[in-house]
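Asker: Sequence plus predicted model, see below.
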Amino acid sequence: MIKNYLKIAWRNLIRNRSFSFLNILGLSIGLAMTTLIVLWVNYELGFDRFHEKIDRLYEVNNQYEIEGEIWTWNSTPKPMAPTIKKDYPEIEKVSRYFYDNSYLFAWNDQKIKATGTMVDPDFLDMFSFPLIQGDVNSVLNDVNSVVITESFSEKLFGNQDPIGKMVKIDNRDIFKVTGILKDVPPNTHFSFEFLIPWSYLTQQGWDDKNWGNNSVATYVLLKENTDIDTFSNKIVSLRENYDKDTPDIKTLLYPYSKTYLYGEFENGVEMGGRIELIRMFGFIAIIILIIACINFMNLSTARSEKRSKEVGVRKVLGAPRKSLIGQFVGESVLITFISATFAIILVLLLLPSFNNLVERPLSLNMASIGFWMVAIGVTIFTGLLAGSYPALYLSGFKPSSVLRGTFKKVDAMVTPRKVLVILQFSVAIVLITASLIITQQLHKVQNRQLAYAKNNLIYSSLEGDMEKNYDLIKTELLESGAFTSVTKTNSPITESWSNTWGFEWEGKNGQDKTIIHRLISDDGVVNTMGLELIEGRDFDLQKYPTDSTAAILNQSALELMGFEDPIGKKIKDNGIDWHIIGVIKDFVYNSPFQKIEPMVIEGAKGWFNVIHMRMNPEVNTAQNLAVAERIFNKYNPEYPFNYEFVDAAYAKKFNDQRTTGKLANIFTLLTIFISCLGLFGLASYVAENRIKEIGVRKVLGASVGTITGLLSKDFLKLVFVSILIAIPVSWYFMSNWLEEFAFRIDISWWVYLISGGLTLIVAFVTVSFQAIKAARANPIKSLRTE
Amino acid sequence: MLLQLKNIFKWVNSGGQRIFLLKDINLEVAEGEFISVMGPSGSGKSTLLNVIGMLDTFDEGEYNFLDESVHTLKEKHRSNLYKEYIGFVFQSYHLLDDLTVQENLEMPLLYKKFKGSERKAMVADMLDRFNIVGKKDLFPAQLSGGQQQLVGVARALIANPKLILADEPTGNLNSQQSEEIMELFKKLNQEEGVTIIQVTHSEKNAAYGSRIINLLDGRKV
């Protein structure tokens, strides 16, 4: 029996080549896209899951109410970790994680920069970063010990045994390599190449007992069988005994397993995070699969006239309905299996570009049984999903009517097929609208007025002897003619690395805890960055030595402080009185998607991390860079010259959104394509079914145009209904999406005009192709078909 | 007695009016009869055949088939009954285009759950009997109308039914082909005792039968 079914199914496939082609093409694309998304979702969901003690690992968070708003953040004071370990017996281990930084490693003549940080010795025991060499209990015991990853070890030492080698780090101290770690996998949010014990920080005098300095991450490992709720209640008031200034900041434990996917808080409530993006694309994957299945359903049921005879004959010859259902479902499963084969090939072909796009190392694990089980399971499920409705529909025919030839399709107002077409096109229109809006929003933000000149501007981090030789470097850079202006600051112009609510000014409301960002700069910041002065002047330490305690405000800061005539006014920060010498237009820093927050640029009395250099536009960039490299190598010989273009650094801020935009575009195009495949097939069957009617109309004098219109009209009506459904749905989703951005577009009506119009045109072209073909056929031929 | 229809009524409601397709039909068919049903278009011939073949239901009356009261049977039971005892022959043959002659013949046996070896033997026997061994691997489209109907009759006979229902079996055939099919029916009826009920327009074909039933507007006349 099964053989008979397969035979029939196979012959059906071969005989109806165009039908099979449309179905297999649609299903293959649908399955391939779904697979790609599922691979990505699976990868994202597996982030950081490999830590064996993941269920007992927590990140320490703080929560504090400022101005009626609850802030939650995850950097903690340095004394937090030892205090927790000392006071709470429920804790098995704790470790701090100083922020990642790039350090210069020197061994013999090799000089390589690597990223890493300081941790407490228990770190490697808490998280599952296995050691290839070295003992987990002792590798970080000695102050001057360092653990490095396998691939960094190869870079630095080549094939030599790294254990026991002495390396000089940051041109300062000698460290002994005590352990080799397996490379940190890409699916964890840690990304270090080396670890140094925390005791080194203490030895250098960089440790502190200041509860007001929230700057390091603290992780805890709870003892087994600790009740997290009870313990949370206990630890929440930790600061009351230690933090004199802000004893009411709450201490919270956040499951480490959730930090990657969730971890975003709004007003003290967990607001999701990356999981939302994952849910969105997971949803899209399901939708695409459903759309591909809908194609199959529509094409199969549209063909019912052709297959009704078979159903009738089989029933008369004794086929029970069950076996007919089995036969039709079998056919759809067969088609799905063929499609799945193509889909796997498609996935293998597309995976490299897709990985590029989402920046993830995804792969099909074809060697695992699990993969094949899932693949076969999904294929059978898809086959059942796609085949169920046609099978029930087709197997329900009554032989007495189909065999007499009185069988006619019911042209009801609402048929399932129409509903399915409407569903498909509603989704297509929603996706088009979403793509348009995402593109528009990106465009708007990318064209945002930065209020500084990002081109021809580079920056380097101040390291090694650069600070010491800064004046010499600056003078030579300017004299060389390659650079027109040089300024050092505490952070790149694209970021703010420092902020406070501690500014004081005349007339400040004592309760006001609005965050004000700090940029710290020496001479000529306005000139170097190309900032736009509204009043006052730039820093000029030659002419005004007191500029080291001068300040320049941005407009938002001025508005906040409310000075009528700001120049000469004094504001207080860090115990220093800063006098205002200028006001600049708000310039974009941190996220270009958000509103610009108040900023004070403080004079040279602060600290510096970065040097900005404006290149001479008359000379070509490569030459300018060569000059800079020569000068830096001269005054800071231990370090390789590194630099970053400000415009490139700025462009990176769009990576995430650009990826979202690209994915949305791709999935939109494919959804429309799959939907049109279905429409194309449907139109051809409708034209075929109405061939006699068309013939009669033509004989009676109808033109090709009127017949095309007649055949297309029915489909376009469905697309119209889809537009009506899609407008509110997409408006709801997209206004939600836009909420995320303070700097955003308004959704305008013409977006719907474009998406609706576009869909109508595409649908019309698809349908009219078939309609014109039918309309131009010779009526004598079609009338003879009876 | 093979089957018995008692006061059979069948109607449809259209625009508040009841239109009768069959009106008070009484019919007894004994085993071994060859009956021709005649009447103008729309007189209810095919409906009657469908009711007898249990492909269609009726609204009133009694129908007994081999001592089973069909009107009280459940759908599943009914289909078992016709599967076992009735073979159908159609005007437009209704062979499955995607199957070869041999596979078309085999299909009813599949649904009756015969074993593979039995099926093979029965199909081979039928091909032999109808002299179509050479055509067993052809598809219906490759056969003439007469040959297709020959396969249709063979398929109806393959599971040894007691009753053959033929709805204008020669309607699509030329006169020579129809004669061959009618001769075949006659032979089956006389030599093998198969009961046959055929619907026909042709007086000549009707004459092959032992009894003629005339219908007009759903009524026996």
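Answerer: Thanks, I have the structure now.

Asker: Going by C-alpha atoms from here, please, whenever you check contacts or count neighbours.
Answerer: Will do.

Asker: Pick out the residue nearest the middle of chain A.
Answerer: Note on chain A: the residue nearest the mean C-alpha position is A:Asp656, at 4.5 Å, using CA atoms, centre = their mean.

Asker: And A:Val269, how far from A:Leu252?
Answerer: Between A:Val269 and A:Leu252 the computed distance is 12 Å (CA to CA, to the nearest Å).

Asker: Settle it for me: which of these two has more neighbours?
Answerer: In this view A:Val269 and A:Leu252 are compared by other CA atoms under 10 Å in any protein chain shown, and A:Leu252 has more residues nearby, 23 against 11.

Asker: now that one, which residues is it bridged with?
Answerer: Counting by DSSP bridges, A:Leu252 is bridged to A:Asn61.

Asker: For it, give me the pLDDT.
Answerer: A:Leu252 is assigned a predicted lDDT (pLDDT) of 92.

Asker: just checking, it touches A:Asp229?
Answerer: No: with contacts defined as CA atoms under 8 Å, A:Leu252 does not count as touching A:Asp229, sitting 10.7 Å away.

Asker: who does the top helix by length along chain B touch, helix- and strand-wise?
Answerer: Taking DSSP state H as the criterion, chain B has its longest helix at helix B:175-192. Where contact means 3 or more CA pairs under 8 Å, 6 or more residues apart in numbering or on different chains; DSSP states H and E, helix B:175-192 is packed against helix B:145-157, strand B:195-199.

Asker: Can you tell me which of the ones you listed is packed in deepest?
Answerer: The highest average neighbour count among the helices and strands packed on helix B:175-192, using mean count of other CA atoms under 10 Å in any protein chain shown, belongs to strand B:195-199 at a mean of 25.

Asker: Tell me the strands beside that strand, with direction?
Answerer: When pairs are called by DSSP bridges, strand B:195-199 turns out to pair with strand B:34-38 (parallel), strand B:163-167 (parallel).

Asker: Does at least one residue of the helix or strand following the first one sit close to chain A?
Answerer: Using DSSP states H and E, the helix or strand that directly follows strand B:34-38 along the chain is helix B:45-52. Yes: counting by CA under 8 Å from any CA of the partner chain, contacts between helix B:45-52 and chain A involve B:Asn50.

Asker: Would you mark the buried spots in helix B:45-52?
Answerer: In terms of neighbour count (16 or more other CA atoms under 10 Å in any protein chain shown), helix B:45-52 has its buried residues at B:45-52.

Asker: Format the helices and strands packed on helix B:175-192 as TSV; extra columns: mean pLDDT.
Answerer: As requested, these are exported to TSV (pLDDT from 0 to 100):
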stretch	mean pLDDT
helix B:145-157	90
strand B:195-199	94
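
Asker: In JSON lines: the ones you listed, plus distance to A:Asp122.
Answerer: Putting the helices and strands packed on helix B:175-192 into JSON lines (distance: least, CA to CA, whole Å) gives the following:
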{"stretch": "helix B:145-157", "distance to A:Asp122": "82"}
{"stretch": "strand B:195-199", "distance to A:Asp122": "94"}
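
Asker: So for A:Ser138, which of the ones you listed sits nearest?
Answerer: Relative to A:Ser138, the nearest member of the helices and strands packed on helix B:175-192 by CA to CA is helix B:145-157, separated by 86.4 Å.

Asker: Which element, helix or strand, includes the residue nearest to the centre of chain A?
Answerer: Using DSSP H and E, A:Asp656 sits in helix A:655-689.

Asker: what does A:Leu431 give?
Answerer: Using DSSP H and E, A:Leu431 falls within helix A:416-446.

Asker: Show me which residues of whichever helix or strand comes after that helix are buried.
Answerer: Moving toward the C-terminus from helix A:416-446, the first helix or strand encountered (DSSP H and E) is strand A:457-461. Within strand A:457-461, the residues that qualify as buried by neighbour count (16+ other CA under 10 Å) are A:457-461.

Asker: how many neighbours does B:Lys112 have?
Answerer: Neighbouring residues of B:Lys112 were enumerated by other CA under 10 Å; the total is 15.

Asker: Over to the one 5 residues further on?
Answerer: Residues contacting B:Ser117 under the criterion other CA under 10 Å number 8.

Asker: quick one: it is in a helix?
Answerer: Yes: residue state for B:Ser117 (DSSP: H, G, I helix; E, B strand; the rest coil) corresponds to a helix.

Asker: if I pick B:Leu188, what's in contact with it?
Answerer: B:Val194 (CA atoms under 8 Å, 6 or more residues apart in numbering or on different chains).
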